[in-house]
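Novice: Build me a model from this:
(chains A and B)
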2 protein chains.
Amino acid sequence: MISRQYWRLDARPEGHDYDAALSLVEEPVEAPADGHVLVEAQYLSMDPGVRVWMTAREDGYSPPIPLGTPMQGQFIGRVVQSAHPDFAEGDLVRGFGHWATHSTVDPALAGLAKLDEDVADVRDHFGVLGLNGWTALCGLTHVLELKEGETVLVSAAAGATGSVVCQIARNMGCTVIGIAGSDEKCAWLTEDLGINSAINYKTQDVAAELEKIEGGIDVYFENVGGDLLDAALPNMALYGRIGICGLITGYTSESGNPGPAHFDQILMKRLTVKGIFLPDFMAEGRDYYPPLREMYDQGNLVGEFDETQGIENVLNAFTRLMTGKNTGKVIVALGQD
Amino acid sequence: MISRQYWRLDARPEGHDYDAALSLVEEPVEAPADGHVLVEAQYLSMDPGVRVWMTAREDGYSPPIPLGTPMQGQFIGRVVQSAHPDFAEGDLVRGFGHWATHSTVDPALAGLAKLDEDVADVRDHFGVLGLNGWTALCGLTHVLELKEGETVLVSAAAGATGSVVCQIARNMGCTVIGIAGSDEKCAWLTEDLGINSAINYKTQDVAAELEKIEGGIDVYFENVGGDLLDAALPNMALYGRIGICGLITGYTSESGNPGPAHFDQILMKRLTVKGIFLPDFMAEGRDYYPPLREMYDQGNLVGEFDETQGIENVLNAFTRLMTGKNTGKVIVALGQD
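Specialist: Now for the predicted structure:
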């Protein structure tokens, strides 16, 4: 009999005090029911959006996770038992399951996908080749209709999605400005990723820096919200576009973000503001993979990881993510291979 | 020698204390220079947007009106002297000039247009057949891509633009809900204009009323901002569209509106929020007139006026507009014909 460890949501967390709200539980795992698949996770993905599901808010894009049930998230792992014709023992897969050593899933509901192992690093199937990459490409091209030569601003630019946005926009011949929270992240963005400039929001006056952008910001890829959004709004170009991919500053709140004081610039500059939510485009996901893979194989799209070891350290990894300690994708390695 | 009276902006007004900020001045009028036209106004249009130009804000869609110069706005009147080949004495025209008995204008800069006198009421060239009508039609069709059968919410629904929005959406077979500030306005909307329902925001809980809308709001035509926007956001349908045509609640502020607390619903519901600003579409203006005129001639588009008499009462008329006393278009009649 296999047993698994999983993180159970016991209470709605306050701020970033996750220790008080979740506990690591062990339980036996039953054989998968007909049509289901049991996966042993190699890696867990830490994603900011799940913080909203931890709250009791009914107006998020997913309903609250019920208390007393496993915390949800993405895994990469190997099928250990399959009762579904499309998956076999040993398949390397990615899907939505639990913050757990093992997840039993319905492949359709979990978005379970077999992964190409012929990549430089299978962890990239989470990041630059996975949902972060898809979100960046879909957001920039489909939602924001980015064109060559435009000026693009990216917040949380050193984060998992932001760093892909920076690289794709750079590859498209755009002027790319990133906002990040440390000089090290800024140096990584300009020196390693080769974007045009980076602003450290903790030490620099973001609005004053954005005012210097000649012609204004054509496209703002927003992962943060709050003060950064307010700094960007008055510095948008006429008819600029803002994609709201994340509003991490508000995710710990039970009532949402305060709105931007410069909201009226949407009217004054005739901006278009749109939500970016990848699951809306999952059907197109297969179309996003080839161009990302091409950039990746050519060395024009690189993944960076903030990796923590062990199921027992998941909350540390999630806290690193939510408090901006990471450069690149935050994952937890579970030591299987 | 002709003389004219005009309203001069002497100071940036506080709130709605226009008496302290503007004064009525008389001055001689010189013959128009080459290429210019002198118009004697019959009617002046009162528009909320000009309130922004009265402030010192540099981030509005027009620069501040310099202190000591005439207040600007739309007129309908007759050409009394022309030094431009396209206009002759006696032509009935509409354009941008001053809050004045006479305006001397460059036709290109003033958007001066000869008017069809063969309409039921020439005043409608300001409203349902003029900029309000164009704004409503362009906003609903071009910016918001309204489709037959959708659910449309309109704020300031009994106002000059809102009431045209209501009628066009009704004509398109949409379910139309209006928000207005008195039971009389609500009755006018449902009984005279025949929209589906109206909410009195001064006596009803707007958010609670909007929650009852089955399937949510597909399109919100926003003229007001503030609390009404916050009531609408959580009640939008998935992928709903919000057109920001006006944010009148913030126009007296020197620093803009507070943003909506439910801003994050743009992400959670994947909304599209866009500014609507007619001057962007002036080149298409001639295309907007025929469909509006057709509805008008068929009795499916009616104008309502809140008319004040006399140049000396302009500030009363503007105050009526800015404090929501009006039903329909606020104009000042100057007694010429």
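Novice: how about the residues of the stretch 51-200 of chain A that lie near chain B?
Specialist: By CB under 8 Å from any CB of the partner chain, the residues of the stretch 51-200 of chain A that approach chain B are A:59, A:60, A:61. In short, each C-beta sits where N, CA and C put it, glycine included.
Novice: Return the member of those residues nearest to residue B:36.
Specialist: Among these, residue A:59 lies closest to residue B:36 (CB to CB), at 56.0 Å.
Novice: Doesn't the closest one lie inside a helix?
Specialist: No - counting by DSSP: H, G, I helix; E, B strand; the rest coil, residue A:59 falls outside a helix, being coil.
Novice: wait, doesn't it sit right on residue B:234?
Specialist: Yes - taking contacts as CB atoms under 8 Å, residue A:59 lies within contact range of residue B:234: 5.4 Å.
Novice: Looking at the stretch 101-250 of chain A, what residue ends up closest to chain B?
Specialist: Here the stretch 101-250 of chain A gets closest to chain B at one residue, residue A:244, 4.5 Å apart by CB to the nearest CB.
Novice: got it, and chain A?
Specialist: Counting by CB to the nearest CB, chain A gets nearest to chain B through residue A:259 (2.5 Å).
Novice: As a check, name the ranges of all strands in the stretch 151-300 of chain A.
Specialist: A:151-154, A:175-180, A:197-200, A:217-222, A:236-244, A:272-275 (DSSP state E, counting those that start in this stretch).
Novice: Which of those sits closest to residue A:88?
Specialist: Nearest of the strands of the stretch 151-300 of chain A (CB to CB): strand A:272-275, 37.8 Å.
Novice: For the closest one, which strands pair with it and how are they oriented?
Specialist: Paired with strand A:272-275 in the same sheet, following DSSP bridges, are strand A:236-244 (parallel), strand B:272-275 (antiparallel).
Novice: can I get these in JSON lines with mean neighbour count and mean pLDDT?
Specialist: Listed next are these as JSON lines, based on neighbours: other CB atoms under 10 Å in any protein chain shown; pLDDT from 0 to 100:
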{"stretch": "strand A:236-244", "mean neighbour count": "22", "mean pLDDT": "97"}
{"stretch": "strand B:272-275", "mean neighbour count": "23", "mean pLDDT": "97"}
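Novice: Let me have those in TSV, adding distance to residue A:303 as columns.
Specialist: Converted to TSV, those look like this (distance: least, CB to CB, whole Å):
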stretch	distance to residue A:303
strand A:236-244	21
strand B:272-275	31
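Novice: right, so of the ones you listed, which gets closest to residue B:179?
Specialist: Judged by CB to CB, the one of the strands paired with strand A:272-275 that comes nearest to residue B:179 is strand B:272-275, at 17.7 Å.
Novice: got a list of contacts for that closest one?
Specialist: Strand B:272-275 is contacted by residues A:266-274, B:143-144, B:239-244, B:266 when judged by CB atoms under 8 Å, 6 or more residues apart in numbering or on different chains.
Novice: Spit out the contact partners of the nearest residue to residue A:271 once chain neighbours are set aside.
Specialist: Leaving aside its chain neighbours, residue A:271 sits nearest to residue A:240 (5.2 Å; criterion: CB to CB, 6 or more residues apart in numbering or on different chains). By CB under 8 Å, 6+ apart, the contact set of residue A:240 is A:216, A:217, A:218, A:219, A:220, A:269, A:271, A:272.
Novice: Report the beta-bridge partners for the last one.
Specialist: In this structure, residue A:272 bridges to residue A:241, residue B:274 when assessed by DSSP bridges.
Novice: separation between it and residue B:86?
Specialist: 36 Å (CB to CB, to the nearest Å).
Novice: before we move on, what about the fourth one?
Specialist: Note on residue A:219: its distance to residue B:86, by CB to CB, is 41 Å.
Novice: Same question for residue A:176.
Specialist: Distance from residue A:176 to residue B:86, by CB to CB: 48 Å.
Novice: Give the residue from the two that has the larger number of neighbours.
Specialist: Taking other CB atoms under 10 Å in any protein chain shown, residue A:176 and residue B:86 do not tie; residue A:176 has more neighbours (29 against 11).
Novice: Could you find the closest non-adjacent residue to that one?
Specialist: Leaving out its chain neighbours, the residue that sits closest to residue A:176 by CB to CB, 6+ apart is residue A:195, at 4.0 Å.
Novice: Quickly note the distance from the one you found to residue A:276.
Specialist: Taking CB to CB, one finds residue A:195 at 20 Å from residue A:276.
Novice: what does residue A:145 give?
Specialist: According to CB to CB, residue A:145 and residue A:276 sit 12 Å apart.
Novice: after the strand ranked longest in chain A, next one along is what?
Specialist: Assignment by DSSP state E gives strand A:72-82 as the longest strand of chain A. Downstream of strand A:72-82, the next assigned helix or strand under DSSP states H and E is strand A:92-98.
Novice: what angle do that following strand and strand A:72-82 make?
Specialist: Taking axes from the mean of the first three to the mean of the last three CA atoms, to 10 degrees, one finds that strand A:92-98 is oriented at 130 degrees with respect to strand A:72-82.
Novice: and for strand A:92-98, what are the contacting residues?
Specialist: Outside of strand A:92-98, the residues within contact range by CB under 8 Å, 6+ apart are A:6-7, A:37, A:39, A:41, A:70-79, A:87, A:103-105, A:107, A:109-115, A:117, A:122, A:125-126, A:130.
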